[in-house]
Structure formats: structure tokens, C-alpha cells
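> here is a sequence together with a model predicted from it:
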Amino acid sequence: MSRFISPRYTDLVPYIPGEQPKDPDIIKLNANETSMPPSPRVLAVLKSERMRHLSRYTDPSSMELKTALSRRYAVRTSEVLVGNGSDEILGLIFLTFFEQARIAYPDVTYGFYRTMARSFGIDHAEIPLRADFTVDVDAYVHSDRHIVLANPNAPTGYVLPVSEIERIVAANPQRLVVIDEAYVDYGNESCVPLIHKYDNLLVVQTMSKSRNLAGAHIGYCFGAASLIKDLEGMKAAFNPFNLSDVSMAIGTASVEDEVYFDHCVKETIAAREYTKEALRQLGFYVMDSHTNFVFVTHTWLTAEAYNAQLRAHGIIARHYPDDPRVSNFLRITIGTREEMETVIAATKEILCQLAA
């Protein structure tokens, strides 16, 4: 560290993203991306005349993408915020609403919540998941803190019904509830319609998963117009052009291609269900995932050993050795059916070799 770093950051522990290997032969299942290409409409936009005009700043209001999202989700454009990934959206929320506040989130969840809370000096509490890794809804209903919840949760993959989310939101109108729906499209009901009933709810989503655009890093959130106006003000204070024209164009193209979106989601869900069943037949305990990943453990094959053996077979998954509650679980992103068949074949070989 340099001598100029702010004292509040001297003990900061940064969030560590999934490894990004350069070897094209590696099956990369460690970062909850997808192995599918983006919509053909996205590829068409990238080859279009529009890409010749990047010498100009983009529309800071990102109205083109907001309009597409408002049509898709039946909201007003004043109820939509877009940004450079859902992480930026979450950062704006933390900065805008939580600096002098107290927040709570699960002890096993997306690690960026903890990192952001520490980075911004926010009073944060971690509410333990139950022994079966489900969310203790009553604990959030009775908490007087602002709430941040991933639904479905990561890395567990479990989901709360919208009725339970509404119970949390309705319990205390004086606090803000942020629902991170990064994985909602994989067969789940969204909380977005609730924003018209409650003005203390923000719902965050991303195009990095179900829309196959992790490399574009496009995020958005929905909420009451008053909340979005506050967030727009914070965005304009330090990064008014937070979304490039390229991102806005391809994001819009993706939102407007519902046929391709539906196809990709169905393919991922089918590959997920195949993987869950195949791993269970091999003796793994597989949580009932509602996402584009599975979270697994085995009675005698440790997660550390399984992770190392998969890597030796050219497959990268995500291990959490520093979290004692889940250190013996491995998170495996769902790729194509062919990739998941390769995972299962490698797993069978690993079990046979270690059992011999």
C-alpha cells in the first residue's frame, strides 16, 4: 500500500472474482457465466453502422435501454436504472442509501455484499442461514436493518417464493429491501411487480447470466420513481456515462429477442436438471438449485480433492475453502449439455480412480 491510501481502506479485503483462464480448451464452470453465444441480434448490432459512431458520448440517461426494459417488465422508464453491471448498481444503492444506515444479509451469499459494506464503512450484520442453508425469513421480518437478499441465493441456489419476500418488505416500510435477482430467469418468479405496491423495494437484475452477456457487463434495477431518481443523482455525481453506447445497443437488442432468450433459458435448465440427477446417482448431495449452477458435496470425496481432480481433467469449478460452512461444497456452473456430459464422465473417472 502507498502512504496516500485512506485509513479506512488499509485493512480492506477485496472481493476475488472467479479465475479467468486463457486456455481455450479449459471448460470454464467457475464464474456463473454461460457457454452460449449472445443473441444473433446482438451480433448484428456489433456489425452495424452504429459502431462507426463511437467518437460521440452516449446518452447519459440510457433511455433506449430503459425503454426496452420498461416494455419487457411492464414498468415506467422512471422506475428503471441501468448501469455497468449489477455490481455497479449495488454499489450505487449502498452509497446512496446505506452510508449512515445499518444493513443485514445472509452469512452465506454473494461475497460482494460484505466487501461493499466494509468498503463504504457501513454497519453490517450477517444473519445465518438455517442448517439446511435456507433463508430464515422470520429473522428478516423482525430485523430493523435494511435488507439485502440474493433470490435465488448464491452459492446455495435456493429460492424464496415471492410471498415470503413480500412478507419481509411489508413488515417495515421504514427500511429498504434490496432483492438481487441475478438468477431469477432460471424458472423463478420475479419480485419486480411488487415495486408498484411498495416504495421500499429495489429489484436488481443482470444480463451476465440468462442473456449470455457477462463480457458486456450490463445491470439494471427496478424501484419506485423516487428511489430511482436518488440513484440517478448519485450516478451523475461521479459517472454520468456509466453505460457505453455499445453496451446500450447490445443490451437493447438482447431484451428485444425474447425467442432466443427463452431458448437459452430452457437449454440451461435442462442441462442443470441432467447434471443434478447424474451427480446424485454418483453419490453426491446436490442442493435443489434454481439457478445456472449446482452446489454439491460428497460423503467421502472432499470438495478440495474433487476441485483439484476436475482441474486435472481441464474443468474449472468454484471452491470456497475460507468459508467453514461451505468449505466442503463445490459450485459448478451449468454449461452446455455437452460440457456437462464431460463433467459427469470426468467425475465417474475420478471416483473410480480414488476408490480403487
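On my side now, so go ahead.
> what residues are up against L81?
By Cβ atoms under 8 Å, 6 or more residues apart in numbering, the residues touching L81 are I89, L92, Y220, C221, G223, I228, L231, E232, K235. Glycine gets a C-beta too; all of them are placed from N, C-alpha and C.
> may I have the secondary structure class of it?
Judged by DSSP: H, G, I helix; E, B strand; the rest coil, the three-state class of L81 is strand.
> report pLDDT for it.
The confidence metric pLDDT takes the value 98 at L81.
> gap between it and Q100?
Relative to Q100, L81 is positioned 21 Å away (criterion: Cβ to Cβ, to the nearest Å).
> surely H217 is in contact with G85?
Yes. Because the distance of 3.9 Å satisfies Cβ atoms under 8 Å, H217 is recorded as touching G85.
> shared neighbours of these two, which are they?
With contacts taken as Cβ under 8 Å, 6+ apart, the residues that reach both H217 and G85 are S208.
> let me see the residues that make contact with the lowest-mean-pLDDT helix or strand in the chain.
Per-element confidence for the chain was summarised using mean pLDDT, DSSP states H and E. The lowest value among helices and strands belongs to helix 112-119, with a mean of 93. Helix 112-119 is touched from outside by 9, 12-15, 87, 90-91, 94, 98, 103, 105, 122, 124, 126, 148, with contacts defined as Cβ under 8 Å, 6+ apart.
> include pLDDT when you put the contacts of L81 into CSV, please.
Formatted as CSV, these follow (pLDDT from 0 to 100):
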residue, pLDDT
I89, 97
L92, 96
Y220, 98
C221, 98
G223, 98
I228, 98
L231, 97
E232, 96
K235, 94
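> count of residues packed around L301?
Using other Cβ atoms under 10 Å, L301 has 21 other residues around it.
> let me fix that: Y15
Neighbours of Y15 under the rule other Cβ under 10 Å: 14.
> roughly how far does it sit from L90?
As judged by Cβ to Cβ, Y15 and L90 stand 11 Å apart.
> with P24 instead?
For P24, the distance to L90 under the criterion Cβ to Cβ works out to 31 Å.
> more neighbours: those two, which one.
In this comparison of P24 against L90, neighbours counted by other Cβ under 10 Å, the higher total goes to L90 at 22 against 6.
> for the more buried one, phi and psi?
Torsion angles at L90 (phi, psi; degrees, to the nearest 10) stand at phi -60, psi -40.
> settle this for me: it is touching V204, isn't it.
Yes. Applying Cβ under 8 Å, one finds L90 in contact with V204, separated by 6.3 Å.
> what's the overlap in contacts for these two?
V178, D180.
> next one: stretch 337-351 to chain centre, how far?
25 Å (Cα atoms, centre = their mean, to the nearest Å).
> now do the buried residues in that stretch.
Neighbour-count burial for stretch 337-351 flags E339, M340, T342, V343, I344, A346, T347, I350, L351 (criterion: 16 or more other Cβ atoms under 10 Å).
> need the contact list for the second one.
Contacts were defined as Cβ under 8 Å, 6+ apart; by that measure M340 touches A271, Y274, T275, A278, I334.
> next one: the third one
The contact partners of T342, by Cβ under 8 Å, 6+ apart, come to I27, I315.
> repeat that for 10 Å
With contacts taken as Cβ atoms under 10 Å, 6 or more residues apart in numbering, T342 has the following neighbours: I27, L29, H313, G314, I315, G335, T336.
> any idea how far D123 is from S190?
Shown here: D123 relative to S190, a distance of 29 Å by Cβ to Cβ.
> between the two, which one's more packed in?
Relative neighbour count places S190 above the other of D123 and S190, with 17 against 14, counting by other Cβ under 10 Å.
> may I ask which helix or strand encompasses the closest residue in space to the more buried one that isn't next to it in sequence?
Taking Cβ to Cβ, 6 or more residues apart in numbering as the measure, S190 lies nearest to V184, with 5.1 Å between them; neighbours along the chain are not counted. According to DSSP states H and E, V184 maps onto no helix or strand at all.
> about what we covered before: switch the buried residues of stretch 337-351 over to CSV; also include pLDDT and secondary structure.
Shown next, in CSV, are the buried residues of stretch 337-351 (pLDDT from 0 to 100; DSSP: H, G, I helix; E, B strand; the rest coil):
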residue, pLDDT, secondary structure
E339, 97, helix
M340, 98, helix
T342, 98, helix
V343, 98, helix
I344, 98, helix
A346, 98, helix
T347, 98, helix
I350, 96, helix
L351, 96, helix
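> now these in CSV, with distance to R175?
Conversion of those to CSV gives the following (distance: Cβ to Cβ, whole Å):
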residue, distance to R175
E339, 42
M340, 41
T342, 46
V343, 42
I344, 45
A346, 47
T347, 44
I350, 47
L351, 48
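> may I have the secondary structure class of the closest residue to L354 other than its chain neighbours?
In space, not counting the residues next to it along the chain, L354 is nearest to L301; the distance is 6.5 Å by Cβ to Cβ, 6+ apart. L301 falls in the coil class when you classify it by three-state DSSP.
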